[in-house]
Structures are given as C-alpha cells and as structure tokens.
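Asks: Sequence and predicted structure, then a few things I'm wondering about:
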Amino acid sequence: MIGEVSLYGIYMPWLLVLAVLTLGVAWFVRRLLALTGIYRLVWHPALFDLALYIVLLYGVVWISPHVFSRLS
C-alpha cells in the first residue's frame with residue numbers, strides 16, 4: 001500500500017484519498033438502497049449509514065493494492 005500521495009506538492013495520506021473515494025461509493029449505494037426501499041427495514045438509518053461506510057471503506061482499502069499494482 002502506498003504511504004502517501006502528492007497532490008500539487010501537498011502530501012496526503014493514501015487512506016484519506018481512499019476515504020474520499022469511498023464517500024462517493026457510499027453515496028451511490030445509499031441512493032440505490034433508498035430507491036429499492038430497503039431503508040424502510042432499517043431501525044436506525046444513521047447507524048446503518050455509518051456501518052455501511054465502514055464496510056465499504058474496508059473493501060476499498062482491501063482491493064486498492066490489487067487494482068493499483070496492475071496500473072503501474
């Protein structure tokens with residue numbers, strides 16, 4: 001895993017870049033779940049959203065070395 005990435009001369013942790021990427025993925029998944037009506041079955045939507053984000057972040061962090069090693 002890459003330790004840090006330089007964006008216009010500013011070094012940022014790679015996890016921060018992945019976390020921002022995961023925000024977009026989580027937004028898309030939340031919209032998809034809302035359209036299908038699954039949120040009606042959720043007791044506490046805020047906790048569900050937090051758990052969904054953590055699971056998606058884990059997935060993005062886990063898959064990123066496999067994806068980015070093939071790109072370079």
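Replies: Happy to help now that I have it.
Asks: what about the spatially most central residue of the chain, distance to Ile63?
Replies: Nearest to the geometric centre of the chain sits Thr22, at 1.9 Å (CA atoms, centre = their mean). As judged by CB to CB, to the nearest Å, Thr22 and Ile63 stand 11 Å apart. Glycine gets a C-beta too; all of them are placed from N, C-alpha and C.
Asks: Which residues belonging to the one helix or strand the residue nearest to the centre of the chain maps to are considered buried?
Replies: Thr22 belongs to helix 14-36 when assigned by DSSP states H and E. Neighbour-count burial for helix 14-36 flags Leu15, Val17, Leu18, Thr22, Ala26, Val29, Arg30, Leu33 (criterion: 16 or more other CB atoms under 10 Å).
Asks: Show the backbone phi and psi for Leu7.
Replies: phi -120, psi 110 (degrees, to the nearest 10).
Asks: Just list whatever residues bridge to it.
Replies: Ile10 (DSSP bridges).
Asks: May I have the phi/psi pair for the residue located most distally from the centre of the chain?
Replies: What lies farthest from the middle of the chain is Gly9; by CA atoms, centre = their mean that is 24.3 Å. Here is the backbone geometry of Gly9 (degrees, to the nearest 10): phi 90, psi 0.
Asks: That one and Leu18, how far apart?
Replies: Counting by CB to CB, the gap from Gly9 to Leu18 is 20 Å.
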